[in-house]
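In: Test case, fold it:
(one chain, ligands or ions: 1)
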Amino acid sequence: VCASPAQVVVVGSGFAGFYAARRLAQILPRDVAEVTMVSATDNLTYSPLLPEVAAGRLDPRRIAVPLHGSLRCSRILQGRVEDIDFENRSVRVAGGEQMSLSYDRLVLATGSVTRELPTPGLSKTGLGLKTLAEGQFVHDHVLQQMQLADTTTDPALRRGRLTFVVVGAGYAGTETAAQLQRMTQKLLASFPRLSAEDLRWVLVDLNTMVLPELGPRLGRYALRLLRRRGMDIRLGTTVTAMRPGEVKLSDGTVLPSHTVLWTVGVTPPPLVAELGLPERRGRLVVDEYLKLRDDVWAAGDSAATTDPYGREGRDYPPTAQHAQRQGLVIARNVAASLGVGTPKPYRHRDLGLVADLGGTKAVAKPLGVPLTGLIAKVVTKGYHLVAIPHRANRLRVAADWLINLVSRPMPTQLGHVQPAAAQLRSEYSKP
Ligand SMILES: Cc1cc2nc3c(=O)[nH]c(=O)nc-3n(C[C@H](O)[C@H](O)[C@H](O)COP(=O)(O)OP(=O)(O)OC[C@H]3O[C@@H](n4cnc5c(N)ncnc54)[C@H](O)[C@@H]3O)c2cc1C
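Out: Numbers count the residues shown, from 1 in each chain. Got it, this is the predicted structure:
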């Protein structure tokens with residue numbers, strides 16, 4: 001009589017979970033293990049292109065890589081893991097029907113949610129950009145502000161509608177501010193009562209540079225470019241309070257604005273803290289094999305492991321680049337624990353980042369080589385096309401980009417996303 005196959009459960013279908021599950025299903029024979037993917041979403045959201053969704057240059061579905069059709073797992077369950085019982089080796093799943101799922105091997109790849117600070121008004125007024133719903137909502141919201149500004153005859157109200165504040169000048173905030181600013185500038189032609197002088201984009205960060213991830217040279221290039229485009233960039237500055245129609249900055253300025261896009265970093269979802277396991281900066285501490293404890297591994301934004309190539313004692317940064325590769329290493333190590341292959345430690349030297357600044361401009365640092373302008377743009381687009389892990393998505397993204405070359409984005413709000421779904425406090429971070 002054959003022993004029944006081991007149950008391998010992967011939680012989270014982001015970069016780490018998706019690549020782990022896909023590789024596990026490839027390398028583990030069915031009689032050795034059954035792989036189950038449990039995720040709150042039915043797709044891998046290719047978040048590096050979320051700024052393009054917000055700017056209306058990509059349809060949201062283009063960057064949603066479907067789990068069904070891409071993964072050959074035994075089972076794909078859409079639901080949220082609410083609790084893990086390590087002693088009895090089971091996870092409690094909510095959403096659809098409540099169920100308890102037993103595991104022999106568990107992979108935790110729950111990613112991250114937007115980091116909130118105790119800034120007054122933030123949880124009600126701030127907009128995040130971590131999920132597809134948020135990306136679509138931000139797009140609709142900005143268009144709605146243009147529409148409302150076009151309707152009013154009061155110059156002060158118009159000014160308030162057309163003042164957009166982005167907090168955080170890392171890659172997510174800078175790319176999004178740059179691309180949305182270009183979108184609003186281009187769409188002025190469709191709102192003849194609005195003028196370029198009415199539009200005001202403000203990017204603030206406590207840091208003293210933009211795009212710190214790409215180093216000072218590229219940061220300076222991006223700063224000059226965006227200031228030339230008319231963006232009001234205030235470094236060493238943050239938002240101290242906000243409410244609809246008013247945003248206070250730490251330099252004393254009070255801006256009339258209905259839009260605060262909050263991109264000040266990420267933190268793992270509450271489930272991670274509730275596990276009561278050792279953490280570093282909120283992330284679960286794993287060893288170099290990405291092992292968390294007996295028969296449990298963790299990777300991606302939710303997990304912390306020391307980066308031997310980084311600054312002394314630093315963990316690998318929370319990027320897709322690492323999450324994806326950690327997923328592959330976890331697959332190998334889980335398989336090895338089931339007698340298939342040998343384990344391997346996670347080691348990866350950062351390959352650099354890319355940031356699309358809209359128009360023909362971008363900055364990129366592939367393998368440490370700093371690139372700007374059109375060449376960086378080509379590298380950025382090419383990189384994403386190769387990195388999207390599904391041919392159907394790749395084709396559709398390429399098609400949208402080709403169309404964008406000959407046609408400007410259409411000023412239509414879909415209105416499908418309810419404000420509650422796009423509020424900063426996302427579904428996964430609700431207590
Ligand atoms: C706007 C933006 C731009 C970015 N640009 C880049 C870039 O250019 N390059 C780069 O390398 N990185 C970039 N990143 C960072 C990158 O997206 C993340 O580092 C990466 O997504 C982390 O992957 P992950 O698998 O750890 O988690 P995630 O991709 O966050 O996925 C986590 C998954 O877990 C699921 N989940 C969470 N909690 C539960 C639960 N309790 N139960 C079930 N499922 C759960 C979620 O639904 C999701 O499917 C960007 C991020 C953003 C937001």
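In: where in this protein is pLDDT low?
Out: Judged by pLDDT under 70, the chain has its weakly predicted residues at 1-2, 425-431.
In: Can you show me the helices along it?
Out: Taking DSSP state H, the helices of the chain run over residues 15-27, 50-54, 122-125, 132-151, 155-161, 171-187, 215-228, 270-274, 320-337, 373-387, 391-406, 419-422.
In: For the longest one, buried residues please.
Out: The one in question is helix 132-151. By 16 or more other Cβ atoms under 10 Å, the buried positions in helix 132-151 come out as 132-143, 145-146, 149-150. The C-beta positions use only the backbone N, C-alpha and C, and glycine is treated the same way.
In: just to revisit the earlier point, so which of the helices of the chain is the most packed in?
Out: helix 50-54 (a mean of 27; mean count of other Cβ atoms under 10 Å).
In: Who are the contact partners of residue 410?
Out: Residues near residue 410 by Cβ atoms under 8 Å, 6 or more residues apart in numbering: residue 56.
In: switch the cut-off to 10 Å
Out: 56, 143, 187, 190 (Cβ atoms under 10 Å, 6 or more residues apart in numbering).
In: can you put the residues you listed in TSV and add distance to the ligand?
Out: TSV is the format used below for these (distance: Cβ to the nearest ligand atom, whole Å):
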residue	distance to the ligand
56	15
143	19
187	21
190	26
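In: now, among the residues you listed, which is nearest to residue 345?
Out: In terms of Cβ to Cβ, no member of those lies closer to residue 345 than residue 56, at 42.8 Å.
In: how deep is that closest one tucked in, by neighbour count?
Out: The tally of other residues near residue 56 (other Cβ atoms under 10 Å) stands at 26.
In: next one: the one 4 residues further on
Out: Number of residues near residue 60 (other Cβ under 10 Å) recorded here: 21.
In: correct me, but it touches residue 41?
Out: No. Using Cβ atoms under 10 Å as the test, residue 60 is too far from residue 41 to be in contact (11.9 Å).
In: Give me the common contacts of the two.
Out: 131-133.
In: Keep only those of those that are also close to the ligand.
Out: Applying Cβ under 6 Å from any ligand atom to the shared contacts of residue 60 and residue 41, one finds that nothing falls near the ligand.
In: which one of those is nearest the ligand?
Out: Proximity of these to the ligand (Cβ to the nearest ligand atom) peaks at residue 131, which lies at 8.0 Å.
In: burial count for that closest one?
Out: 23.
In: separation between it and residue 53?
Out: 10 Å (Cβ to Cβ, to the nearest Å).
In: tell me, what's touching those two both at once?
Out: By Cβ under 10 Å, 6+ apart, the residues touching both residue 131 and residue 53 are 45, 47, 60.
In: quick one: contacts for the last one?
Out: Residue 60 makes contact with 45, 49-50, 52-54, 131-133, 135-136, 139, 414, 416-417, according to Cβ under 10 Å, 6+ apart.
In: Show me what from the stretch 1-150 of the chain comes close to the ligand.
Out: So the stretch 1-150 of the chain meets the ligand at 11-17, 38-41, 47-48, 50-51, 80-81, 109-112, 129-130 (Cβ under 6 Å from any ligand atom).
In: In strands, which of those residues appear?
Out: Within these, residues falling in strands by DSSP state E are 11, 38-39, 80-81.
In: Quick one: the residues you listed as a markdown table, columns for neighbour count too.
Out: Converted to a markdown table, these look like this (neighbours: other Cβ atoms under 10 Å):
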| residue | neighbour count |
| --- | --- |
| 11 | 28 |
| 38 | 24 |
| 39 | 26 |
| 80 | 20 |
| 81 | 23 |
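In: who are the neighbours in contact with the closest residue to residue 275 other than its chain neighbours?
Out: Spatial nearest neighbour of residue 275, excluding adjacent residues (Cβ to Cβ, 6 or more residues apart in numbering): residue 84 at 6.3 Å. Contact analysis of residue 84 by Cβ under 10 Å, 6+ apart lists 9, 11, 90-92, 101, 103, 106, 108, 271, 274-275, 277, 296.
In: Fine, thanks again, bye for now.
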